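# Sharing a model prediction with you, sequence too.
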Amino acid sequence: MSKHLLAALKGQTTARPPFWFMRQAGRYLPEYRALRQEAGGFLAMCLNPDRAAEITLQPIRRYGMDGAILFSDILIVPMALGQSLKFAEGEGPVLGPLPESLDFTGAAVVYAPVIETVRRVKAALPSETTFLGFAGSPWTVATYMVEGGSSRDFGKTKSFFYSQPKAFEALLNGIVTATVDYLSAQIDAGADAVQLFDSWAGALAPLDYERWVIEPNRQIVAALRARHPETPIIAFPRGSGALYKRFTEIVQPTCIAIDTQVPPDWAAEVLQPLACVQGNLDPLALVAGGKSMLAAAEHICGHLGRGPFIFNLGHGIVPQTPPEHVAALCDFLRRI
Ligand code: CP3
């Protein structure tokens, strides 16, 4: 069987929509929770190639999605740039002070176990499954680096770029360079495509969005494409709203991933002529399951299924998702 998901990324309209789900490996799966307990926490698992490869494969064994996403985290890049990182139980990520200047000398050592995970997954994955690498986009990664963790309003990060735009630009440039190297290494080790997560793109005013979302994503896409012209790039500038169109025109990703709020008919009309579209079922519809979930999925496929399209969620699977609802959604998508 050929790679169904890769065909959609190459611009083909497929007979049924290929699918995978953001956060398809994770706490909603009992086999993930069991391994996590044994492994000594989330970050230790990300940096252990045996474990990370196993977790990447867990949802594929259970459900046979068309795509497998590397099990890792977007905060590996700050670590590679010399900033300390830990995940405190129940608290999310905690980063140490932002380094005075970014230090790239240790980057390859930090990336090494992740790249080894890519090799192992590639060797173990069924040939019909498309393997996705990923990284965070510079704006989103910078928010964690500046805030020291998750944030509600990005107050520190916004004060930083409003008061010291040149210094903030230097930080983003460093993240661009590190991210291009990191994704390039993932592709060399076997990733078939890559996704850029700009989870907090929706927090910026239009002029700031232009400079801190569009421009760095554009640079990454252009640099990666120069090095790996055949490798599709999915961009997920979550919450971009009316700016999704401009983002797609300027950044020119192979595929644009839309969040839960984007109307599928609008995306079909405005975005699909420019790129393959990926999305966008509400992760909470997957928690609810049943008829309402299937009706929502059908609505999305009805509008987007006539062009290059990959079915996904509008954001990641949440921990309280019943695994049998994921099975029901996969069955539905296979029969469509
Ligand atoms: O999608 C996948 O299955 C691949 C793995 C993946 C993870 N994180 C695993 C993870 C991917 C692609 C990410 C990306 C990521 N990480 C993003 C962008 C996507 C998004 O969700 O918006 C962001 C913002 C992060 C940073 C991050 N990682 C936070 C804020 C947290 C804590 C919140 C939470 O959900 O616990 C994480 C932890 C994390 N990353 C977990 C997983 C499976 C949970 C770890 C655990 O406790 O077991």
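Looks like it arrived, so ask away. Numbers count the residues shown, from 1 in each chain.

# SS state for the nearest residue to Tyr28 once chain neighbours are set aside?
Excluding the flanking residues, the one nearest Tyr28 by Cβ to Cβ, 6 or more residues apart in numbering is Thr321, at 4.2 Å. For every residue, glycine as well, the C-beta is placed using N, CA and C. Reduced to three states with DSSP: H, G, I helix; E, B strand; the rest coil, the structure at Thr321 is coil.

# Was I right to think Thr321 contacts Gly26?
No: taking Cβ atoms under 8 Å as the definition, Thr321 is not a contact partner of Gly26, at 9.1 Å.

# Now for the residue nearest to Tyr28: which residues touch it?
Thr321 is in contact with 28, 283, 286-287, counting by Cβ atoms under 8 Å, 6 or more residues apart in numbering.

# quick one: which of these is nearest Leu43?
Tyr28 (19.5 Å; Cβ to Cβ).

# Could you list the contact residues of the stretch 201-336 of the chain toward the ligand?
Gly316 (Cβ under 6 Å from any ligand atom).

# try it again with 8 Å
Within the stretch 201-336 of the chain, the positions near the ligand by Cβ under 8 Å from any ligand atom are 236, 238, 315-317, 319.

# Please enumerate the helices of the stretch 51-200 of the chain.
Secondary structure of the stretch 51-200 of the chain, counting by DSSP state H, counting those that start in this stretch: helices at 76-80, 107-124, 138-147, 155-163, 165-189.

# With distance to Glu249 and mean pLDDT as added columns, please give those helices in TSV.
Below are these laid out as TSV (distance: least, Cβ to Cβ, whole Å; pLDDT from 0 to 100):
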stretch	distance to Glu249	mean pLDDT
helix 76-80	26	97
helix 107-124	31	98
helix 138-147	18	98
helix 155-163	24	98
helix 165-189	20	98
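
# As JSON lines, those helices with distance to the ligand and mean neighbour count would be great.
Below are those laid out as JSON lines (distance: least, Cβ to the nearest ligand atom, whole Å; neighbours: other Cβ atoms under 10 Å):
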{"stretch": "helix 76-80", "distance to the ligand": "9", "mean neighbour count": "23"}
{"stretch": "helix 107-124", "distance to the ligand": "11", "mean neighbour count": "18"}
{"stretch": "helix 138-147", "distance to the ligand": "6", "mean neighbour count": "25"}
{"stretch": "helix 155-163", "distance to the ligand": "14", "mean neighbour count": "15"}
{"stretch": "helix 165-189", "distance to the ligand": "12", "mean neighbour count": "19"}
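
# Would you report the backbone torsion angles of the residue nearest to Tyr28?
phi -70, psi 120 (degrees, to the nearest 10).

# Return the nearest residue of the stretch 101-250 of the chain with respect to the ligand.
Ser199 (3.2 Å; Cβ to the nearest ligand atom).

# ok, that residue - contacts?
136, 140, 236, 238, 315.

# out of those residues, who has the most neighbours?
Neighbour counts for these (other Cβ atoms under 10 Å) peak at Phe236, which has 27 neighbours.

# residues in contact with the residue nearest to that one when sequence neighbours are not counted?
Distances taken as Cβ to Cβ, 6+ apart place Ala257 nearest to Phe236, at 3.7 Å, with adjacent residues excluded. By Cβ under 8 Å, 6+ apart, Ala257 lies in contact with 195, 234-236, 238, 277-280, 312.

# Would you mind measuring from Gly305 to Ala15?
Using Cβ to Cβ, to the nearest Å, Gly305 is found at 9 Å from Ala15.

# Neighbour count for the two, which is higher?
Shown here are Gly305 and Ala15; by other Cβ under 10 Å, Gly305 has more neighbours (18 against 9).

# Might you report the residue contacts of the nearest residue to that one once chain neighbours are set aside?
Nearest non-adjacent residue to Gly305, counting by Cβ to Cβ, 6+ apart: Pro17, 5.8 Å away. The neighbours of Pro17, taking Cβ under 8 Å, 6+ apart as the test, are 8, 301, 304-305, 309-311, 333, 336.

# Which of those residues are buried, as a PyMOL select command?
Buried subset of these, written as a PyMOL selection, criterion 16 or more other Cβ atoms under 10 Å:
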select buried, resi 8+301+304+305+309+310+311+333
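
# Out of the contacts of Pro17, flag the one nearest to the ligand.
Ile310 (14.0 Å).

# So what's the residue count around Phe58?
To be clear, residue 58 is Gln; Phe isn't right here. There are 19 residues near Gln58, going by other Cβ under 10 Å.

# That one contacts Glu31, correct?
Yes: the pair Gln58 and Glu31 passes the contact test of Cβ under 8 Å, sitting 5.3 Å apart.

# Need the pLDDT of the residue nearest to Phe236.
Ala257 is assigned 99 on the pLDDT scale.
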